[in-house]
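In: return a 3D structure for these sequence lines:
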Amino acid sequence: MSPHALRRNLVAWIFMLPAAALLVVFLTYPLGLGVWLGFTDARIGRPGMYVGLENFEMLWDDSVFWLSVFNTVLYTTVASLLKFALGFWLALLLNEHLPFKAFFRAIVLLPWVVPTVLSAIAFWWIYDAQFSIISWVLIKWGWIDAPINFLGDVANARASVIAANVWRGIPFVAITLLAGLQTISPSLYEAAALDGATAMQRLRYVTLPLLTPIIAIVMTFSVLFTFTDFQLIYVLTRGGPVNATHLMATLSFQRGISGGQLGEGAAIAVAMIPFLLAAILFSYFGLQRRRWQQGGTDR
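Out: Predicted coordinates for the structure are as follows:
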């Protein structure tokens with residue numbers, strides 16, 4: 001290797017060191033400590049001792065833990081699909097030549113920039129069992145006779161927290177996909193239209209294939225954000241009613257911090273890692289370059 005290449009590599013490593021140090025301090029160390037605590041019987045105020053797989057064996061027989069796994073998978077799957085469908089539709093709409101397009105794009109971002117806790121408090125008021133604005137409107141219209149128990153019924157509570165998460169997540173999906181749509185050359189659509197392609201065919205054979213890398217990124221981050229959601233659930237329901245909305249993140253906090261069982265709470269957090277790795281692998285394979293972009297077949 002030439003001296004010039006060595007100097008260039010050395011400079012690159014020097015510039016990377018501060019970022020690497022921050023990652024080690026704020027990401028790698030907490031992750032390693034959490035994994036270690038998952039194999040101990042640590043409690044708040046007591047370091048604990050190594051107990052091997054005992055915490056995980058307890059979780060294997062814990063019905064509440066498996067309910068939280070089911071809730072997390074259901075919450076993540078339904079919310080992510082709804083966010084993608086609605087966000088994609090909104091991105092297509094904002095990509096059209098509309099009046100005041102810049103203003104509408106700014107408005108779309110509002111749910112994303114509002115702090116999660118403030119959004120959750122607003123939804124907590126909207127879902128209030130006695131003073132819900134939704135129930136009040138439906139009663140005035142004569143559609144229902146009594147207020148809806150949004151957060152006190154199992155099915156209603158699950159649907160309510162999913163709706164709140166979808167409302168917050170749509171802007172991220174919409175704006176990211178909109179950025180991807182604007183990179184597609186209009187000439188491709190014009191060529192497809194000249195060949196007789198309908199609007200649906202142009203969407204299927206031009207838009208979706210070219211957006212595949214962006215969709216992979218968006219869905220990966222959407223799944224990660226939704227799977228690890230904590231603030232929204234904690235403020236709205238704290239896992240109730242009867243653990244119907246407990247996610248793995250909220251259950252980990254309840255067992256580890258509120259309950260003082262740091263080892264058990266850390267074990268629940270560690271159990272989330274395989275799901276998160278699956279989402280990352282999805283992103284990796286989804287972002288592979290495709291030969292159709294160069295006129296060939298998929299790799």
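
In: could you pull out the helices in the stretch 151-299 of the chain for me?
Out: Taking DSSP state H, counting those that start in this stretch as the criterion, the stretch 151-299 of the chain contains helices spanning 154-181, 186-194, 199-202, 208-227, 231-236, 248-253, 262-271, 273-286.

In: can you put those helices in a markdown table and add mean neighbour count, distance to residue 95 and mean pLDDT?
Out: All C-beta atoms are positioned from the backbone trio N, CA, C, and that covers glycine. As requested, those are exported to a markdown table (neighbours: other CB atoms under 10 Å; distance: least, CB to CB, whole Å; pLDDT from 0 to 100):
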| stretch | mean neighbour count | distance to residue 95 | mean pLDDT |
| --- | --- | --- | --- |
| helix 154-181 | 20 | 5 | 93 |
| helix 186-194 | 12 | 11 | 88 |
| helix 199-202 | 12 | 13 | 88 |
| helix 208-227 | 19 | 11 | 89 |
| helix 231-236 | 20 | 29 | 93 |
| helix 248-253 | 23 | 34 | 94 |
| helix 262-271 | 24 | 39 | 94 |
| helix 273-286 | 13 | 22 | 80 |
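
In: quick one: these as JSON lines, columns for distance to residue 97 too.
Out: JSON lines is the format used below for the helices of the stretch 151-299 of the chain (distance: least, CB to CB, whole Å):
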{"stretch": "helix 154-181", "distance to residue 97": "13"}
{"stretch": "helix 186-194", "distance to residue 97": "11"}
{"stretch": "helix 199-202", "distance to residue 97": "15"}
{"stretch": "helix 208-227", "distance to residue 97": "20"}
{"stretch": "helix 231-236", "distance to residue 97": "36"}
{"stretch": "helix 248-253", "distance to residue 97": "42"}
{"stretch": "helix 262-271", "distance to residue 97": "48"}
{"stretch": "helix 273-286", "distance to residue 97": "30"}
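
In: out of these, which gets nearest to residue 16?
Out: Nearest to residue 16, of all those, is helix 273-286, at 21.0 Å by CB to CB.

In: show me what that closest one packs onto, helices and strands only.
Out: On a contact count with 3 or more CB pairs under 8 Å, 6 or more residues apart in numbering; DSSP states H and E, helix 273-286 meets helix 208-227.

In: roughly how far is the helix it packs on from the heart of the chain?
Out: Relative to its parent chain, helix 208-227 has a centroid offset of 10 Å by CA atoms, centre = their mean, to the nearest Å.

In: that one vs helix 186-194, what angle?
Out: Here helix 208-227 points in a direction 120 degrees away from that of helix 186-194 (axes from the mean of the first three to the mean of the last three CA atoms, to 10 degrees).

In: so which residues lie in contact with helix 208-227, not counting its own?
Out: For helix 208-227, the surrounding residues in contact (CB atoms under 8 Å, 6 or more residues apart in numbering) are 72, 75-76, 79-80, 83-84, 87, 165, 169, 172-173, 176-177, 179-181, 183-184, 188, 248, 272, 275-276, 279-280, 282-283, 286-287, 290, 292-293.

In: now swap in stretch 147-166 and tell me
Out: By CB under 8 Å, 6+ apart, the residues outside stretch 147-166 that reach it are 71, 74-75, 78-79, 82-83, 86, 119-120, 123-124, 127-130, 132, 134-136, 138-139, 226, 229, 232-233, 236-237, 240-242, 244-245.

In: of these, grab the buried ones for PyMOL.
Out: Buried subset of these, written as a PyMOL selection, criterion 16 or more other CB atoms under 10 Å:
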select buried, resi 71+75+78+79+82+83+86+119+120+123+124+127+128+132+135+138+226+229+232+233+236+237+244+245
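
In: and the lengthiest helix in the chain, how far from the chain's centre?
Out: Scanning the chain for the longest helix, with DSSP state H as the assignment, gives helix 63-94. Distance, stretch centre to chain centre, for helix 63-94: 8 Å (CA atoms, centre = their mean).
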